[in-house]
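A.B. asks: Mind looking at a prediction? Sequence and model below.
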Amino acid sequence: MTAFKGIWTRPFWTSMAGEFLAVFLFLVVSLGSTAGITIPGPSDTHIAFCFGFSIAILIHCFGHICEAYLNPAVALAMICTRKITVAKGIFYIVIQCLAAIAGAGVVALVTPNDKWPVGITKIKYTGASMNPARSLGTSVVFNHWENHWIYWLGPMMGGVLASFLYEYLFCPDPEVKLRLQANFSRQRNEDESVQLNVHPGGGGGEYNKLEATA
């Protein structure tokens, strides 16, 4: 089937293995860096640096092995902009979720229960997860499902919107850019022809008068 083209190949599954390992390490490093800190707990800046640097380093390390999306919202955005097929995108999302659950489980096993901060319900109001896979991993391991759907809906909608803004507004592909330019030029030509047809004798009458006096 065309939809599954490229799925049953070694490079694709190598990419899947890399994606799994990258997400797994992201959960272990990011959650583990704050899980063992006792009350009053890590500051927002501490958490932001841990998550930001860990995902940046992992993308740099695994980018040549896999796509290193590390986030279902990013995978969905790639599907919507036709960068990857729907089948590949689904595989990416499933792998990311499984890796997140495994990573959160490892952190839970090696961390005392009385020192674990519930990350997705802290950081002021929402937890700023921005990664449905990370939210799913901690929810499964710690059985915390309050308002969990928000941590899927918000990032998914944001990822799709951002991908369309980038693809069609900020940095369109050459083919898309040429298509848009052709549409605009065609519309401009049609508008000019309409204006000429509205006053068919406007310019011609003056030209005829000048020709008659000559």
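C.D. replies: Arrived safely. Numbering: from 1, shown residues only.

A.B. asks: So which elements touch the helix or strand encompassing Pro155?
C.D. replies: Assigned by DSSP states H and E, Pro155 belongs to helix 150-165. If you count contacts as 3 or more C-beta pairs under 8 Å, 6 or more residues apart in numbering; DSSP states H and E, helix 150-165 packs onto helix 72-80, helix 132-142. For every residue, glycine as well, the C-beta is placed using N, CA and C.

A.B. asks: weakest of those helices in terms of mean pLDDT?
C.D. replies: Ranked by mean pLDDT, the helices and strands packed on helix 150-165 bottom out at helix 132-142, which scores a mean of 76.

A.B. asks: Can you show me the CA trace of it as PDB?
C.D. replies: C-alpha atoms of helix 132-142 as PDB (Å, rounded to 0.1, in the frame of the first residue of the first chain):
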ATOM      1  CA  PRO A 132       2.000  15.300  25.200                       C
ATOM      2  CA  ALA A 133       4.300  12.300  25.400                       C
ATOM      3  CA  ARG A 134       6.000  13.600  28.500                       C
ATOM      4  CA  SER A 135       2.600  14.400  30.100                       C
ATOM      5  CA  LEU A 136       1.400  10.900  29.200                       C
ATOM      6  CA  GLY A 137       4.500   9.200  30.700                       C
ATOM      7  CA  THR A 138       4.100  10.900  34.100                       C
ATOM      8  CA  SER A 139       0.300  10.400  34.100                       C
ATOM      9  CA  VAL A 140       0.600   6.600  33.400                       C
ATOM     10  CA  VAL A 141       3.300   6.000  36.000                       C
ATOM     11  CA  PHE A 142       1.800   8.100  38.800                       C
END
